[in-house]
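Asker: Compute the structure for the input listed below.
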Amino acid sequence: MIKPEPIEKVIDLGDGRSITIETGKLAKQADGAVMVKCGGTYLLAAVTAAPDAKPDTDFMPLTVEYKEKFASSGRFPGGFTRREGRASDYEILVARLVDRALRPLFPDDFHAEVFVNITLFSYDNEVMPDSLAGLAASAALAVSDIPFHGPISEVRVGRIDGQFKINPSPAELERADLDIMVGATYENIGMVEGEMKEVSEADMLEALKFAHAEIKKHCKAQMELTEAVGKAEKRVYCHEVNDEELRAKIKEQCYPKAYEVARMGCASKAKRAEMFDAIKAEFVAANYPEETTAPEDIPTSLINRYYHDVEKEAVRRCMLDEQVRLDGRKMDQIRPIWCEVGYLPGPHGSAIFTRGETQSLSTVTLGTKLDEKLVDEATFRGNERFLLHYNFPPFSTNDPKAPRGVGRREIGHGNLAMRALKNMIPEDIPYTVRVVSDILESNGSSSMATVCAGTLALMDAGVQIKKPVSGIAMGLITDNQSDKYCVLSDILGDEDHLGDMDFKVTGTRDGITATQMDIKIDGLSYEILEKALDQARRGRMHILDLIEETIPAPRPDYKPHAPRIVTITIPKDMIGAVIGPGGKIIQDIQSTTGTTINIEENDDKGFVSIAASDKPSIDAALERINQIVAIPEVGKIYRGKVKSIVAFGAFIEILPGKDGLLHVSEIDHKRVENVTDVLKEGDMVEVILKEIDPKTGKLRLSRKDLLPKPEGHSDRPHRDGNRRRREE
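Answerer: Sure, this is the predicted structure:
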């Protein structure tokens, strides 16, 4: 069999790095497949599409999967089976990034199931694979016959030492103050997500422009690849059967009514839904009477689709023409907000944040190093000390169904809130911190409510965050026939669904900390983005005012039932003494004092963290450890235990593992003939350290120097002094 000759396109990144797209060699039975290579990182993307749509499907059934093989890093997976299992949170987040960039670009009437599978087969620790996943997926579509209004690409932009860089290495990202992923076509930006260390709106816009200039090169290479493989012509399909007469009738009879509901300014989501649904029900009742029409003769799916379009148009026109939003607010007005901290007595911190019909109840739990999240992935191994988990139960939207575990949406929303807050957690905090946001009501931007509730809960817990953070979701309504547009602050769920942009921005008073943007239209100008960012900044400031009214600063101390953690530094060579043989000493300290102790080493030091629920327990453990690591000091008084008695004196343990000789001549001012006349093994006795032999390190103790001298007593050398020195 002849080895196939692949077709390749090379993208020059301009600094000695390049990306190669290869097709025609691997996975040739898929509708489209490419291998994308950059350095030693290789990603295979394969796409398949069903030949036709399932009946009554009126949406885009797209599935994106991203998987990392442990062999890509020359490693075995963990677990008993030693094979890759369910997708990790990181893999889900990468898949979501690709999905969000691709989904809006499939034709509106294309409803066949499409599967995009991206697999990391080789990993170079200088090239992060997530920045190549979007390019790989789009290139696979480009060499297929699947209809797609692409190509797109995704790149990471980092700002390192004040300079933007495309797809920086992990080491470079550690120094970055801006880290965003940008997805775009040749003409327009469609997706943004990332975190920042309080950067300005202007800097963020510059980063987007920098990313788009690079993405254009990626798109051009894919266009050339499409031509080279002969896939410029896409498959013919027919996934919708329309009834234009019915469409016109629904618009004629329902549009005026829907417009009136849209302009009423009803603040209740449930009431609005009831009124909109009544319009559709009236249409069905008027045109398909029960007495003359069988249920199967009613074109329910077409009515639902056409009425949805009518409702969408009515709501959008009302905003564009009359500047009236669904709930009656002005375009830049934030819904009413109320906050409360300390609502729950059990957690170490808690808060309620309610904005309109969106509500988060958030809690904070403080733990020790043992509570850190252990991450073992193909491209990363390590620990995470700040965790944020987001839960979205069905009852939050009055959805009558059982919760079925954590979904991709919950992982994505939680990750955005985590990135918004993580850089405000102090670096020297000794705790592992977990924030949990439970969404109890939802009508727009529950992830931003999570950021606000998380800030409040952290402050209630006494975590000395650097600055409070708030978040807001922005929307956009545009008119294809004119230059009209509306930028909406604090969007409702309906405005998100019917609008052209969902733009979430979080930040402090001094800059942006995280962002997520999905644009559903072509041709969004930087002018509109600039206005949206400025309007978002003003909204964030308003929310920060309300947060600081509720709790002006973090509580000065942790809650009484929160664990207390004290960290001390010890010499590196004393770590073994604290741990003891087989961990015997440290286990004894923990069991007798009721503490949890963790020891780490760094350079020439050891760091000992002691955690307990009360101060006396920590003090007891500290005393034990300090005794172990203490260096004996000449002139210091010690209370020690008599370990053994010999003819010429007694050996006293003044510190754990450190014995000194109390010579018979140093027991008392008067002559002591037998040591056992004064001391017994196990006695506790106060002594002073008189001398440390510079050569041997032996300790010489005295008891008599702490006793009052008898009247008329004068010190003179002991007649057995020479013998004493020989015995010592």
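
Asker: for the host helix or strand of residue 117, packing partners?
Answerer: Using DSSP states H and E, residue 117 sits in strand 114-122. Strand 114-122 sits against strand 41-49, strand 62-68, helix 89-102, helix 130-142, with contacts defined as 3 or more CB pairs under 8 Å, 6 or more residues apart in numbering; DSSP states H and E. Yep, even glycine has a C-beta here, placed from its N, CA and C like the rest.

Asker: CA atoms of the second one as PDB?
Answerer: Output in PDB follows, covering the C-alpha atoms of strand 62-68 (Å, rounded to 0.1, in the frame of the first residue of the first chain):
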ATOM      1  CA  LEU A  62     -23.400  20.300  17.700                       C
ATOM      2  CA  THR A  63     -21.200  18.300  20.100                       C
ATOM      3  CA  VAL A  64     -17.600  19.200  20.700                       C
ATOM      4  CA  GLU A  65     -15.300  16.900  22.600                       C
ATOM      5  CA  TYR A  66     -11.700  17.600  23.600                       C
ATOM      6  CA  LYS A  67      -9.500  14.800  25.000                       C
ATOM      7  CA  GLU A  68      -5.900  14.700  26.200                       C
END
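
Asker: what lines up beside that strand in the sheet?
Answerer: Within its sheet, and counting by DSSP bridges, strand 62-68 is paired with strand 114-122 (parallel).

Asker: tell me the mean pLDDT over the partner strand?
Answerer: The average pLDDT for strand 114-122 rounds to 98.

Asker: Next: stretch 34-44.
Answerer: Here the average pLDDT along stretch 34-44 is 97.

Asker: Using PDB, write out the CA atom coordinates for that stretch.
Answerer: What follows is stretch 34-44, C-alpha atoms only, in PDB (Å, rounded to 0.1, in the frame of the first residue of the first chain):
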ATOM      1  CA  VAL A  34      -6.400  17.500  10.300                       C
ATOM      2  CA  MET A  35      -3.400  17.200  12.400                       C
ATOM      3  CA  VAL A  36      -2.300  20.600  13.800                       C
ATOM      4  CA  LYS A  37       1.400  20.800  14.900                       C
ATOM      5  CA  CYS A  38       3.300  23.400  16.800                       C
ATOM      6  CA  GLY A  39       6.600  22.400  18.200                       C
ATOM      7  CA  GLY A  40       6.100  19.100  19.800                       C
ATOM      8  CA  THR A  41       2.300  19.600  20.400                       C
ATOM      9  CA  TYR A  42       0.100  17.600  18.000                       C
ATOM     10  CA  LEU A  43      -3.700  17.900  17.900                       C
ATOM     11  CA  LEU A  44      -5.900  15.700  15.700                       C
END
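
Asker: List the buried residues for that stretch?
Answerer: Residues 34-38, 41-44 are the ones in stretch 34-44 that count as buried (16 or more other CB atoms under 10 Å).

Asker: again with stretch 333-342
Answerer: For stretch 333-342, by 16+ other CB under 10 Å, it's 334-335, 337, 339-342.

Asker: for the residue nearest to residue 25 when sequence neighbours are not counted, what are its contacts?
Answerer: Of all residues not flanking residue 25 in the chain, residue 6 sits nearest, at 3.9 Å (CB to CB, 6 or more residues apart in numbering). Contacts here follow CB atoms under 8 Å, 6 or more residues apart in numbering; on that basis residue 6 touches 22-25.

Asker: Hmm, residue 492 and residue 355 touching each other?
Answerer: No. Here residue 355 does not reach residue 492: they are 10.8 Å apart, not a contact under CB atoms under 8 Å.

Asker: Any chance of a markdown table for the buried residues of stretch 34-44, columns distance to residue 576?
Answerer: Converted to a markdown table, the buried residues of stretch 34-44 look like this (distance: CB to CB, whole Å):
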| residue | distance to residue 576 |
| --- | --- |
| 34 | 54 |
| 35 | 50 |
| 36 | 49 |
| 37 | 48 |
| 38 | 45 |
| 41 | 41 |
| 42 | 45 |
| 43 | 46 |
| 44 | 49 |
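
Asker: Thought residue 287 was touching residue 297, still the case?
Answerer: No. Taking contacts as CB under 8 Å, residue 297 lies outside contact range of residue 287: 11.4 Å.

Asker: Looking at these two, which is more packed in?
Answerer: Neighbour count, other CB atoms under 10 Å: between residue 297 and residue 287, residue 287 has more, with 14 against 8.

Asker: related to what we said a few turns ago, mean neighbour count, the helices and strands packed on strand 114-122: which tops it?
Answerer: Neighbour counts (mean count of other CB atoms under 10 Å) averaged over each of the helices and strands packed on strand 114-122 peak at helix 130-142, with a mean of 29.

Asker: name the helices or strands packed onto it?
Answerer: Packing partners of helix 130-142 (3+ CB pairs under 8 Å, 6+ apart): strand 18-23, strand 32-38, strand 41-49, helix 89-102, strand 114-122, strand 152-160, strand 176-185, helix 201-229.

Asker: So what touches the fifth one?
Answerer: Contacts of strand 114-122 with the rest of the structure, by CB under 8 Å, 6+ apart, involve 40-50, 60-69, 71-72, 94-95, 98-99, 102, 106, 129, 133, 136-137, 140-141, 146, 378-379.

Asker: That one: how far from the chain's middle?
Answerer: Distance of strand 114-122 from its chain centroid, counting by CA atoms, centre = their mean, to the nearest Å, is 23 Å.

Asker: angle of that strand against strand 32-38?
Answerer: Going by axes from the mean of the first three to the mean of the last three CA atoms, to 10 degrees, strand 114-122 is angled at 30 degrees with respect to strand 32-38.

Asker: ditto for the fourth one
Answerer: Taking the same axes, to 10 degrees, helix 89-102 and strand 32-38 form an angle of 120 degrees between their directions.

Asker: what's helix 89-102 packed up against?
Answerer: Counting contacts by 3+ CB pairs under 8 Å, 6+ apart, helix 89-102 is packed against strand 62-68, strand 114-122, helix 130-142, strand 152-160, strand 176-185, strand 189-199, helix 408-422.

Asker: Point out the one among the helices and strands packed on helix 130-142 that comes closest to residue 452.
Answerer: If you check each of the helices and strands packed on helix 130-142 against residue 452 by CB to CB, helix 201-229 wins as the nearest, at 19.6 Å.

Asker: Which positions within that closest one qualify as buried?
Answerer: 201, 204, 206-208, 210-212, 214-215, 217-219, 221-223, 225-226.

Asker: swap in stretch 346-365?
Answerer: By neighbour count on 16+ other CB under 10 Å, the buried set for stretch 346-365 is 347-365.

Asker: Repeat that for stretch 481-493.
Answerer: Using 16+ other CB under 10 Å as the test for burial, stretch 481-493 gives 485-493.

Asker: How about stretch 461-471?
Answerer: Neighbour counts using 16+ other CB under 10 Å place 461-465, 468-471 of stretch 461-471 among the buried residues.

Asker: Max pairwise distance over the residues you listed: which two?
Answerer: Greatest spatial distance among the buried residues of stretch 461-471 (CB to CB): 462 and 471, at 22.4 Å.
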